[in-house]
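K.L.:
This is the structure alone, sequence omitted:
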């Protein structure tokens, strides 16, 4: 059960990360969801953080701790992105 939670948590981390990388570097043009990839971590990473914390409660492993840290950092990315844009570009 713990392995499934960790795998699901990392999957919920990678999906928004791929969307963010695509948004920043415009690898594949997604015109219909223009700014939405920046806000995907709010939904995906909060669920991933829940599964990672459950896995950490079952068994304290470094993989579960890494999933908690990764999901937490990506959850904070939209705030950092918006504040950085305001500070740097003044928009």
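P.N.:
Done, it's in. Everything numeric in this text was worked out from a predicted model, so none of it was measured.

K.L.:
Quick check: the residue most central in space within the chain vs residue 42, distance?
P.N.:
Per Cα atoms, centre = their mean, the C-alpha nearest to the average position across the chain is that of residue 74, at 3.8 Å. Residue 74 sits 10 Å away from residue 42, going by Cβ to Cβ, to the nearest Å. C-beta coordinates here come from the backbone N, C-alpha and C atoms, glycine included.

K.L.:
same question, residue 27
P.N.:
For residue 27 relative to residue 42 (Cβ to Cβ), the value is 22 Å.

K.L.:
Between these two, which has more neighbouring residues?
P.N.:
residue 42 (14 against 10; other Cβ atoms under 10 Å).

K.L.:
show me where pLDDT drops low in the chain?
P.N.:
91 (pLDDT under 70).

K.L.:
For it, which segments count as helices?
P.N.:
2-25, 36-58, 62-89 (DSSP state H).

K.L.:
residue contacts, the residue nearest to the centre of the chain?
P.N.:
Shown in contact with residue 74 (Cβ atoms under 8 Å, 6 or more residues apart in numbering): 13, 16-17, 20, 41, 45.

K.L.:
do residue 70 as well
P.N.:
Contacts of residue 70 were listed using Cβ under 8 Å, 6+ apart, and they are 10, 13.

K.L.:
Give me the distance between it and residue 85.
P.N.:
Residue 70 is 23 Å from residue 85, by Cβ to Cβ.

K.L.:
Ok, residue 46 next?
P.N.:
22 Å.
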